[in-house]
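# Sharing a model prediction with you, sequence too.
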Amino acid sequence: TCRVVKSIDPQVTYVARVRLGNQSGWGPDSPSSKGLQLAALTPIAPAAPILEAVDSTSLRVHFTLPPVRPGTPASPSSPISAIAIFVQPDGGA
């Protein structure tokens with residue numbers, strides 16, 4: 001059994017307790033959960049990509065998705081919902 005709590009501050013670490021009630025009243029609180037901060041669940045950085053020449057004006061960027069950070073909400077296909085690739089001239093660095 002679960003409930004979704006919305007509109008929480010992603011920068012705050014939250015814990016939860018559960019209390020059940022019936023016609024006789026409320027029972028005691030459960031022990032507190034471990035803390036969870038949503039902002040801390042951002043993806044882990046991937047390893048450095050590898051570039052491959054496709055033709056004289058195109059390149060292919062190869063990369064490997066990192067492992068999923070423990071506690072990240074599960075998704076049917078992948079916990080990664082967006083990928084951004086940045087390609088720029090090498091400044092000699």
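Arrived safely, thanks for sending. The shown structure was predicted, so the numbers you read here are calculated from the model rather than taken from an experiment.

# Show me where this protein has its strands.
21-22, 25-26, 50-55, 58-62 (DSSP state E).

# From the chain's centroid, how far away is the first one?
Computed by C-alpha atoms, centre = their mean, to the nearest Å, the separation of strand 21-22 from the middle of its chain amounts to 35 Å.

# Over to the last one?
Distance, stretch centre to chain centre, for strand 58-62: 26 Å (C-alpha atoms, centre = their mean).

# Could you list the paired strands of that strand along with their orientation?
Strand 58-62 sits in its sheet next to strand 50-55 (antiparallel), going by DSSP bridges.

# who's in contact with the partner strand?
Leu59, Arg60, Val61, His62, Phe63 (C-beta atoms under 8 Å, 6 or more residues apart in numbering). Backbone N, C-alpha and C define where each C-beta goes, glycine included.

# pLDDT wise, what is the residue of the chain positioned farthest from its centre at?
In the chain, counting by C-alpha atoms, centre = their mean, Ser24 sits farthest out from the average C-alpha position, at 41.1 Å. Looking at Ser24, its pLDDT is 94.

# now Val15
pLDDT at Val15 comes out at 93.

# Next up, the contacts around the closest residue to it other than its chain neighbours.
Nearest residue to Val15, sequence neighbours excluded (C-beta to C-beta, 6 or more residues apart in numbering): Ser32, at 4.5 Å. Ser32 is in contact with Val15, Ala16, Arg17, counting by C-beta under 8 Å, 6+ apart.

# ok, the last one touching Ser30?
Yes. Counting by C-beta atoms under 8 Å, Arg17 sits close enough to Ser30 to count as a contact (5.3 Å).

# returning to what we had before: ok, the contacts of Ser32 vs Val4, which is closest?
Nearest to Val4, judged by C-beta to C-beta, of the contacts of Ser32 is Ala16 at 11.7 Å.

# In contact with that closest one, which residues?
Applying C-beta under 8 Å, 6+ apart, the residues contacting Ala16 are Val5, Ser32, Ser33.
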